[in-house]
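[1] model the structure of this input:
(one chain, ligands or ions: 1)
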Amino acid sequence: MAYGSTNRFFVSLWTCLLAGSLLLVNCVLVRVEAARKTDASPSVKPGDDFYGYANGDWVAHVSLPAGQHTYDNRIMMAEQTRERVRQLMQESAAAHSQPGSVAQKVGDYYRSFTNEADIEAKGFAPLADEMGKISAIANRSMLSAYLGTTLTREVDGLTANSDHVFGLWVHQGFEDADHNLLHMWQGGLGLNESGRYLDNSFQAVELRNKYQAHVAAVLRLAGVADSDTGAASIVRLETGIARAFAPDSDAADVFKQNNPWKREDFDRKAPGIEWKGYFQSAGLGQQANFLVWQPSAVTGVSALVGSEEIEVWKDYLRFHLIEHYAKVLPMSVRSEDSNFYGKILSGAEAPDRAEEAIDATNGALGEAVGQLYTRRYFPPEAKQRAQAMARDLLTAYRNRIENLTWMSAATKEKALAKLAGLEIGVGYPDTWTDYSTLKIAPNDAFGNMRRAEAFYHNRDITKLNQPVNPVEWPLNVQIPGAVIMFSPNAEFFSAAILQPPYFDSDGDSASNYGSAGAGMAHEISHSFDELGNIYDARGRLGMWWTDEDRSRFHHESEQLAQQMDAYCPFADLCVKGKQVLGESVADLAGLLVAHEAYVLSLKGKPDVEINGLSGEQRFFRAFAQRWRRVQSEPALRKQITTDTHAPGEYRTNTVRNVDAWYEAYKVAPSDKLYLKPDARIRVW
Ligand SMILES: [Zn+2]
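    The predicted structure is shown next:
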């Protein structure tokens, strides 16, 4: 549970609150037969089927292995990057690097994690200290103080259900961009989602029974007496915690998370926990201001600390301690754990130890691995080239915003200020995390994980007294991804996503702008659309569109929904224009802006011809190749029914709204994709 305890709030949290979208990539193995150099099908007429023209050959040569439903660029990049990272970690583990260097730390973390014999030999001994502290708890004030020691940042970042009863995140305030504040949110449920405790359907009851058996098994393995009674009490206690959770629907509404509490509010509003001792042992004795995301959880859990038997809490803490460190404990616990969390809860296969070691090392030493990764795969020249592209995109946005017809003059001023304040991080951070105080030892998997947690906790506490750093990277650069942080006003594109086929630092500019450029511009547009218009230039909450802006924006974009509605891959199923509208508008903005930026990058000079294609043609073809994907019919149907992004073929058709595409490919009124000039939609 300590690593990779992903849950469905993770994406929506980023999507709706601090970020616009997080490109989470699953690693799926597929076979690509004889990948071709161009991937295009010149026999298809661009004006009739632009997606087919750009991707036909690629699609024809990719086959999905049994059991897999989708394969696309992102999966391909994730697999390739994962292989690189695996190699870097294994090389570091085999090398005798300078003690204290990032390579030594990465290597020893990975190696100790994969040294299963050593982990087995140590048994449960590494937990003895903590187990002793739990056993010594004799009253509520000791219980409160112990709970305080569990208030640490979760290694896997922002999750709505933190691993402990409360999770911590140090970040600027919702309305205060000058100070780092302490954000606190709910957690402590072994089943992750509160609904799983409260639902009385047959399946939910069945799942709870299996969970209770799992809890008992773990307690038994750790030698806890009367494990069956303990397990029943733990599930009952967690059910109480689940009742205190905020409703799932709140997760999408950032205004509901903005609950400033003073230190004394905890005593007043949430009796039960002795908060003084709690915060003192969390290292936060001096902290005066907090942001409580789900007040009901703080009140509810605190009441349970006051009312529930202390022995029940002690069993709860023992169980969650073991779970938290399960990955670095003996096989007996690990297989019990992967049986429940893998097979039963998510239907996953037993994890491969090397795969787990990669995730664990990325989690504990993300920017150390990032340094090794970028040294080899994303040199400073690549970063400079991506930065130059980002600058052109910003210039193009400035022009576009100035000329928008639906935005009022006063709102434009705010939009331009927000654009001027937007930080764009590409590739990797200018300053890496300094790991010099974090000791990573060979053959000490448990100790390494503990020290990494303490390192991040200390860093968080230090951050509380430092000014907000708007360019702190929220994602690992060795994982393909992009994150919009609306708060602060910043966007990040990892080195791993800035690689072919999206971006080639030694390759053709026109293709880079059409692919990665359009992707970056898509993300930037979210800062100015209905997602981003509740955050200002410094990431503070507050609507800056007027009602008039909103209704004119809706009016402008309505036609695009109609355009999307007309795409029907099946006789009984068409794209749902309204459902995909927000993302389709962002696609259009992305393409228009990236094209303008491409033209700017040429500085008035004509582009060269490559393999018979003009720069303009390569730009649009690269855009279409962004969206190539092979998927099964059920996967495609599911995407159309549930996803806010249209299938790639129709995202490609965004080109129909761009005049330059008609010129580049000599698209004529007789062609199937042709739209009359007045039917082409702009919005941006
Ligand atoms: Zn988007």
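[2] please enumerate the strands of the stretch 501-650 of the chain.
    629-631 (DSSP state E, counting those that start in this stretch).
[3] ok, now the stretch 151-300 of the chain?
    166-172, 180-186, 260-262, 289-292.
[4] buried stuff in the last one?
    Read that as strand 289-292. Residues 290-292 are the ones in strand 289-292 that count as buried (16 or more other C-beta atoms under 10 Å). Every residue, glycine included, has its C-beta placed from N, CA and C.
[5] of the residues you listed, closest to the ion?
    residue 291 (26.5 Å; C-beta to the ion).
[6] and the closest one, bridged to which residues?
    According to DSSP bridges, the residues that bridge with residue 291 are residue 183, residue 260.
[7] ok so, going back, ok, and which of the buried residues of strand 289-292 reach the ion?
    Among those, not one lies near the ion by C-beta under 5 Å from the ion.
[8] just put the strands of the stretch 151-300 of the chain in a markdown table and tack on distance to residue 604.
    What follows is these, written out as a markdown table (distance: least, C-beta to C-beta, whole Å):
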| stretch | distance to residue 604 |
| --- | --- |
| strand 166-172 | 42 |
| strand 180-186 | 46 |
| strand 260-262 | 53 |
| strand 289-292 | 50 |
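[9] tabulate those strands (TSV), appending distance to residue 477 and mean pLDDT.
    Compiled in TSV, the strands of the stretch 151-300 of the chain are given as follows (distance: least, C-beta to C-beta, whole Å; pLDDT from 0 to 100):
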stretch	distance to residue 477	mean pLDDT
strand 166-172	20	91
strand 180-186	23	92
strand 260-262	33	97
strand 289-292	28	94
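[10] before we move on, the earlier item: so can I have JSON lines of the buried residues of strand 289-292 showing distance to residue 446?
    As requested, those are arranged in JSON lines below (distance: C-beta to C-beta, whole Å):
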{"residue": "290", "distance to residue 446": "31"}
{"residue": "291", "distance to residue 446": "33"}
{"residue": "292", "distance to residue 446": "32"}
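[11] just the helices in the stretch 551-684 of the chain please.
    Taking DSSP state H, counting those that start in this stretch, the helices of the stretch 551-684 of the chain run over residues 581-601, 615-626, 633-642, 648-652, 659-664.
[12] quick one on the thing from earlier: nearest to residue 321, out of the strands of the stretch 151-300 of the chain?
    Residue 321 sits nearest to strand 166-172 of all these, at 15.8 Å, using C-beta to C-beta.
[13] neighbouring strands - and their directions - for that closest one?
    Counting by DSSP bridges, strand 166-172 is paired with strand 180-186 (antiparallel).
[14] run through who's touching the strand it pairs with.
    For strand 180-186, the surrounding residues in contact (C-beta atoms under 8 Å, 6 or more residues apart in numbering) are 151, 160-162, 165-173, 244-246, 257, 284, 287, 289-294, 297-298, 301, 463-468.
[15] wait, residue 586 sits on residue 528?
    No - using C-beta atoms under 8 Å, residue 586 is not in contact with residue 528; the gap is 9.9 Å.
[16] burial measure for residue 117, as a count.
    8 (other C-beta atoms under 10 Å).
[17] show the backbone phi and psi for it.
    Backbone torsions for residue 117, taken as degrees, to the nearest 10, come to phi -60, psi -40.
[18] before we move on, what about residue 253?
    Per-residue torsions, residue 253: phi -110, psi 100 (degrees, to the nearest 10).
[19] next one: residue 490
    Dihedral angles for residue 490 - degrees, to the nearest 10 - are phi -150, psi 150.
[20] rewinding a little: which of the strands of the stretch 151-300 of the chain sits closest to residue 453?
    The closest of the strands of the stretch 151-300 of the chain to residue 453 is strand 166-172. By C-beta to C-beta, the value is 11.6 Å.
[21] restrict that closest one to CA atoms and write it as PDB.
    The C-alpha trace of strand 166-172 is given here as PDB (Å, rounded to 0.1, in the frame of the first residue of the first chain):
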ATOM      1  CA  PHE A 166      -4.600  11.900   7.800                       C
ATOM      2  CA  GLY A 167      -2.300  12.800   4.900                       C
ATOM      3  CA  LEU A 168      -0.200  15.900   4.700                       C
ATOM      4  CA  TRP A 169       0.800  18.100   1.800                       C
ATOM      5  CA  VAL A 170       2.800  21.300   2.100                       C
ATOM      6  CA  HIS A 171       1.800  23.700  -0.700                       C
ATOM      7  CA  GLN A 172       0.600  27.200  -1.300                       C
END
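[22] nearest to residue 544 among the buried residues of strand 289-292?
    Closest approach to residue 544 among the buried residues of strand 289-292 (C-beta to C-beta): residue 291, at 21.5 Å.
[23] what separates the closest one from residue 178, distance-wise?
    Distance, residue 291 to residue 178, using C-beta to C-beta, to the nearest Å: 14 Å.
[24] same question, residue 522
    Look at residue 522 and residue 178: by C-beta to C-beta, they are 31 Å apart.
[25] who has more neighbours out of the two?
    Using other C-beta under 10 Å as the criterion, residue 522 and residue 178 rank with residue 522 on top: 25 against 10.
[26] isn't that one up against residue 585?
    No - assessed by C-beta under 8 Å, residue 522 is found out of contact with residue 585, at 9.6 Å.
[27] which stretches in the stretch 51-200 of the chain count as helices?
    Using DSSP H, counting those that start in this stretch, helices in the stretch 51-200 of the chain cover 73-94, 102-114, 116-122, 128-136, 140-149, 195-198.
[28] ok, now which ones touch the residue nearest to residue 585 when sequence neighbours are not counted?
    Residue nearest to residue 585 in three dimensions, not counting chain neighbours: residue 557, with 5.1 Å by C-beta to C-beta, 6 or more residues apart in numbering. Counting by C-beta under 8 Å, 6+ apart, residue 557 touches 581, 585, 681, 683.
[29] give the rounded mean pLDDT of stretch 108-124.
    On average, the pLDDT along stretch 108-124 is 97.
[30] which members of the contacts of strand 180-186 are classed as buried?
    151, 160-162, 165-173, 244-246, 257, 284, 290-294, 297-298, 301, 463-464, 468.
[31] any regions of the stretch 151-300 of the chain where pLDDT drops low?
    154-160 (pLDDT under 70).
[32] find the closest residue to the ion in it.
    Counting by C-beta to the ion, the stretch 151-300 of the chain gets nearest the ion through residue 252, at 15.7 Å.
[33] residues near that residue, how many?
    13.
[34] quick one: end-to-end distance for stretch 492-511.
    Terminal residues of stretch 492-511 are spaced 20 Å apart (C-alpha to C-alpha, to the nearest Å).
[35] distance from that stretch to the middle of the chain?
    20 Å (C-alpha atoms, centre = their mean, to the nearest Å).
[36] what residues of it count as buried?
    Buried, per 16+ other C-beta under 10 Å, within stretch 492-511: 492-505, 508-511.
[37] helices - which of the residues you listed land there?
    509-511 (DSSP state H).
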